[in-house]
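Chemist: only geometry, no sequence info:
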């Protein structure tokens, strides 16, 4: 193997390494954004369940339907 072939092979290896790193970074960014979206969905669902559960309890028991202002 001559010196020129070795240098070309080294340059190709560096290029492929750079491409693979760029692709891995892009995949990591996508995973982060999807994870963030999943967390937001879970938090929104939790808030919706809590508020709808409170409304159902109030409707079923009559609690919280009126406010007694007399002391």
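Modeler: Noted; the coordinates are in hand. This structure is a prediction, so every number in the text was calculated from the model and none was measured.
Chemist: distance of residue 47 relative to residue 31?
Modeler: Distance of residue 47 to residue 31, given as Cβ to Cβ, to the nearest Å: 25 Å. (Glycine included, C-beta is placed from N, CA and C.)
Chemist: go on, residue 43?
Modeler: Remark: distance between residue 43 and residue 31 (Cβ to Cβ) = 19 Å.
Chemist: check which helix or strand covers residue 23.
Modeler: Secondary structure from DSSP states H and E places residue 23 in helix 3-61.
Chemist: how far is that helix from where the chain is centred?
Modeler: How far helix 3-61 lies from its chain's middle: 5 Å, per Cα atoms, centre = their mean, to the nearest Å.
Chemist: which other helices and strands contact it?
Modeler: Contact here means 3 or more Cβ pairs under 8 Å, 6 or more residues apart in numbering; DSSP states H and E; on that basis helix 3-61 packs against no helix or strand.
Chemist: any regions of this protein where pLDDT drops low?
Modeler: For the chain, applying pLDDT under 70 flags the ranges 1, 48-59, 62-68, 71.
Chemist: how does it look with 80?
Modeler: Low-confidence segments of the chain, defined by pLDDT under 80: 1, 44-71.
Chemist: do you know how far residue 38 is from residue 12?
Modeler: Shown here: residue 38 relative to residue 12, a distance of 39 Å by Cβ to Cβ.
Chemist: no no, residue 3
Modeler: Taking Cβ to Cβ as the measure, residue 3 falls 15 Å from residue 12.
Chemist: the more surrounded of the two?
Modeler: Counted by other Cβ atoms under 10 Å, residue 3 and residue 12 do not tie: residue 12 has more neighbours, with 10 against 7.
Chemist: and the more buried one, how far from residue 47?
Modeler: For residue 12, the distance to residue 47 (Cβ to Cβ) stands at 53 Å.
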